[in-house]
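Asker: here's my sequence, what's the structure:
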Amino acid sequence: MKSLSPELQAHLDEGTTTLAWVWRITRADGQVFGFTDHDRTLSFDGTDFEPESGLTASEVRSGSDLSVDAQDAEGVLTSDRITETDILDGRWDNAEVEVWRVNWADKGQRVLMRRGAIGQIRRGRLAFVAEVRSLAHVLGQTVGRTFQATCDAALGDARCGVDLEDPAYKGTGAVIDLLRDRAFTASGLGGFEAGWFTFGTIEWTSGANAGRRAEIVAHDLTDGIAVLTLLEAPVRPIAGGDGLIVRAGCDKRIETCGTKFANVASFRGFPHIPGQDAVLRYATKDGGHDGSVL
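Answerer: Below you'll find the predicted structure:
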């Protein structure tokens, strides 16, 4: 149940109201945005809520069970603060959302209707629809460890313990030539053997993608020059001279953990657990039924 101030309750009891929807969105990079379906700028709590942004809300879908409540915010790509490139770049993914109901004639009369996060974003040529999920969506996330043969830690995190700032696992360079939209040759990495940065990450230090990170799916060497292929093509094009930092990758196998990182003591997998092929094996005349790992 919502708790309304006496002033707002009195305004609602009048029958004729001056109410507007207001959204405050806080992205993961810390930037705060405000939007409203009113025709003038509304300001409170240090945030200016932009009018005429084309942002409108659907009905709120709620349930008494623990299912994820949802609401859609539909907008036109007319606001200078919402760009299609940023949406494609993932800058709005999982942004925190506050939905307010405000008396635009007296902004002190307002109530927080819901909190949530940006979920799926569907894009068109001129418009977008963002799903606003309730906090119940957090309950659907997997918590705890997974029993699997490969390591479930992220390379370089506290559970792994590998120092990715070590020069043995980190290289700096720049783009020499673009081969495809997500493949390019790079300088400064010729001292690393092929495959060293496969499954690793790249951090752009200059150019249109500065500050962004991406996954590396392949690392090859051609005449001593590194060739890097990204998992996905960046939204902003790669150009020659773009600076980069690359960090080593791991395929999560215990063999790699030992030979590449000398870190078997911190391996977070179960390398001796039977695989799925265990249920498909059948008795044979030549034995092989000693219970060993398949």
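
Asker: all helices of the chain, in order?
Answerer: 6-13, 84-88, 254-259 (DSSP state H).

Asker: can you pull the contacts of Glu215?
Answerer: Phe199, Gly200, Thr201, Ile202, Leu230, Leu231, Glu232 (CB atoms under 8 Å, 6 or more residues apart in numbering). Backbone N, C-alpha and C define where each C-beta goes, glycine included.

Asker: ok, those residues vs Lys252, which is closest?
Answerer: Using CB to CB, Phe199 is the member of those that sits closest to Lys252, with 8.3 Å.

Asker: any idea how far that closest one is from Thr256?
Answerer: Using CB to CB, to the nearest Å, Phe199 is found at 9 Å from Thr256.

Asker: list the residues that contact both of those two?
Answerer: Cys250.

Asker: Thr36 is in contact with Leu19, isn't it?
Answerer: No - counting by CB atoms under 8 Å, Thr36 stays clear of Leu19, with 10.9 Å between them.

Asker: isn't Ala194 up against Thr222?
Answerer: No - proximity of Ala194 to Thr222 does not meet the contact threshold set by CB under 8 Å, at 9.3 Å.

Asker: residue closest to the middle of the chain?
Answerer: Asp93 (5.8 Å; CA atoms, centre = their mean).

Asker: of Thr36 and Leu19, who's got more company?
Answerer: Neighbours per residue, other CB atoms under 10 Å: of Thr36 and Leu19, the larger number sits with Thr36, 23 against 17.

Asker: show me the contacts for the closest residue to the more buried one other than its chain neighbours.
Answerer: Distances taken as CB to CB, 6 or more residues apart in numbering place Phe49 nearest to Thr36, at 4.2 Å, with adjacent residues excluded. By CB under 8 Å, 6+ apart, Phe49 lies in contact with Val22, Trp23, Arg24, Gly34, Phe35, Thr36, His38, Thr41, Leu42, Ser43.

Asker: where do the strands sit along the stretch 1-150 of the chain?
Answerer: All strands of the stretch 1-150 of the chain, identified by DSSP state E, counting those that start in this stretch, fall at 19-26, 32-36, 42-44, 47-49, 56-57, 70-76, 96-103, 110-123, 127-134.

Asker: name every strand pairing with the third one and say which way it goes.
Answerer: Under the criterion DSSP bridges, strand 42-44 sits next to strand 47-49 (antiparallel) in its sheet.

Asker: just to revisit the earlier point, just send the helices of the chain back as TSV, with mean pLDDT, mean neighbour count and distance to Val217 too.
Answerer: Formatted as TSV, the helices of the chain follow (pLDDT from 0 to 100; neighbours: other CB atoms under 10 Å; distance: least, CB to CB, whole Å):
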stretch	mean pLDDT	mean neighbour count	distance to Val217
helix 6-13	89	13	54
helix 84-88	75	14	19
helix 254-259	95	16	16
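
Asker: out of these, which is closest to Lys107?
Answerer: So among those, helix 6-13 is nearest, using CB to CB, at 10.9 Å.

Asker: quick one, that closest one and strand 96-103 angle?
Answerer: Using axes from the mean of the first three to the mean of the last three CA atoms, to 10 degrees, the direction of helix 6-13 lies 70 degrees away from that of strand 96-103.

Asker: done for today, thanks.
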